[in-house]
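Engineer: Need the 3D shape of this:
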Amino acid sequence: GNELKYIQSGISRLKQKYEELELQYNSTRQAFDSASRKLIKNREQLGEGILLQLIGGYWRAGEEMEEKLCSMGIAFPYPKFCLAAVRVEENLTNGTNIINGTNAAGWELEAEGRENAWGLFSAEERDLRLFVLKNVAQEYLAPIGSAFPVSADAEQIYLVINLAEDGNGRDEQAWYKDEVNGEVCSYLERLLQEMMEYLQRELQMTISIGLGLPCNEIRELNQSLKQAKQALDYGFILGKPSFISYERIKQGEREGGFFEKKSCTSRLEKQIWGRLCQKDEEGCRDLVKDFYREILAQGISVEEGRGIHMLLSDMAMRVVEQSNVAEETAEVCQDMVAGILSSTTLPDACSALGKLFAVLCEAQSETEGEQELKGRILQVIEAGYQNSDFSLSMCAEHFEISPEHLSRTVKQLTGRKFIDIVNGLRLERAK
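Structural biologist: From the prediction side, this is the model:
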């Protein structure tokens, strides 16, 4: 019996020792895995840091640079290079997607409900979204060569693209014709556009891309970076999200001359006052749309676009101050002017401007002349509606104007059609 107890005691001690060793092993394994992940992350960050120095122009082609790249396992096997700047934009619900630096034909003034996506996520979630963006970029650009994503900041990455002239060994055409707008685009542009669409469709991630010009040497990547940044900044003119190639910006630049911002906005202000006097809301919106299309066709620079933005804000404030509206409405309109001033793109500013004019059209108080004309028209209608032959033409003859002019005037002054007013009076009398 004592021998059995001794054996059982030994087994118990061995089992306890095994459990202690197992705990130590698991703890060591976890520490090793954690250290490995940190090492991998540190290595990736170090590699990105070297690439940032490279594209920033700190390293020139030479043995020192090649050694640093090789130590990080970074190799460029293909002969051409290009750089794209990718920025995560707001979560847009009504925004216009602009491809190849050209505005969509049916540009709509709808830009409400936009909120910066990064303000809604924690640092860990932002890192995750950047991680996803980097991996998607590498996968989508594989057919054209190699892509090396580099974090620029919390909401932007740079894509260092090593281009294979033959499409990475695949039988792909270097150029294709865009079925939407008929423009000839590079295969690289096509892949980047498809990546934008995928991220929006599958991951609800909205991005803008600025693409620099291809170059033949790695030392020229710094110039491609500057071009990509310029292209990305042009999103202020075209709106967000957008895909903008530096090459297309250069193609769209106007030849010589200085764009007369003040004369252009002054002409718009005069036209707007004419529409406001007529309470023509649709006409105001059309004027703003035409104004935007006009300046877009001029190939304005980002600097000129920001100047126009300020002039539009000043114009909006003058129009509000000079409009004959109630005090409460004026306060609302002043808040809308502040929204125009804080717009992050020119299309957003034009959108807010169109909505401001719509509010002013609806709230514009009647002048004494309008009240008098409205009273005279209603008097003629009330005097003649009982006559079965009474018509718009008969009423127009009384005022010596065309029936079309009278119809528009009645609609503007009363908000009702001429025939609706006449039929309403006749129905009231028949009761």
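Engineer: so how far is stretch 423-430 from its chain's centroid?
Structural biologist: Put simply, stretch 423-430 sits 52 Å off its chain's centre (CA atoms, centre = their mean, to the nearest Å).
Engineer: oh, and call the first residue 668 from now on, that's how I've got it
Structural biologist: With the count now opening at 668, the last piece we talked about shows up as stretch 1090-1097.
Engineer: neighbouring contacts of it?
Structural biologist: For stretch 1090-1097, the surrounding residues in contact (CB atoms under 8 Å, 6 or more residues apart in numbering) are 1048, 1049, 1052, 1053. In short, each C-beta sits where N, CA and C put it, glycine included.
Engineer: my read is residue 819 is in a helix, agree?
Structural biologist: No - using DSSP: H, G, I helix; E, B strand; the rest coil, the assignment for residue 819 is strand, not a helix.
Engineer: Tally up the residues packed near it, please.
Structural biologist: Residues near residue 819, counting by other CB atoms under 10 Å, number 18.
Engineer: Find the nearest non-adjacent residue to it, please.
Structural biologist: Residue nearest to residue 819 in three dimensions, not counting chain neighbours: residue 825, with 5.4 Å by CB to CB, 6 or more residues apart in numbering.
Engineer: Please save the CA atoms from the helix or strand containing the one you found in CSV.
Structural biologist: If you go by DSSP states H and E, residue 825 is part of strand 823-830. The C-alpha coordinates for strand 823-830 follow below in CSV (Å, rounded to 0.1, in the frame of the first residue of the first chain):
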residue,chain,number,x,y,z
GLN,A,823,-2.8,58.8,-47.2
ILE,A,824,-0.3,56.4,-48.9
TYR,A,825,2.1,56.6,-51.7
LEU,A,826,2.4,53.8,-54.2
VAL,A,827,5.9,53.3,-55.6
ILE,A,828,5.1,51.4,-58.8
ASN,A,829,7.8,49.5,-60.7
LEU,A,830,6.4,49.1,-64.2
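Engineer: Quick one: mean pLDDT over it.
Structural biologist: Taken as a whole, strand 823-830 has an average pLDDT of 89.
Engineer: quick one on the thing from earlier: go ahead and confirm the residue nearest to residue 819 touches residue 895.
Structural biologist: Yes - under the criterion of CB atoms under 8 Å, residue 825 makes contact with residue 895 at 7.4 Å.
Engineer: For the helix ranked longest in the chain, which helices and strands make contact with it?
Structural biologist: Criterion DSSP state H: the longest helix present in the chain is helix 669-722. Using 3 or more CB pairs under 8 Å, 6 or more residues apart in numbering; DSSP states H and E, the elements in contact with helix 669-722 are helix 730-738, strand 812-820, strand 823-830, helix 888-900.
Engineer: Find residues that contact each of residue 825 and residue 895.
Structural biologist: 750, 751, 752.
Engineer: Mind checking which of these are in strands?
Structural biologist: Here DSSP state E is the test, and the shared contacts of residue 825 and residue 895 give 750, 751, 752 as lying in strands.
Engineer: All good on my end, thank you.
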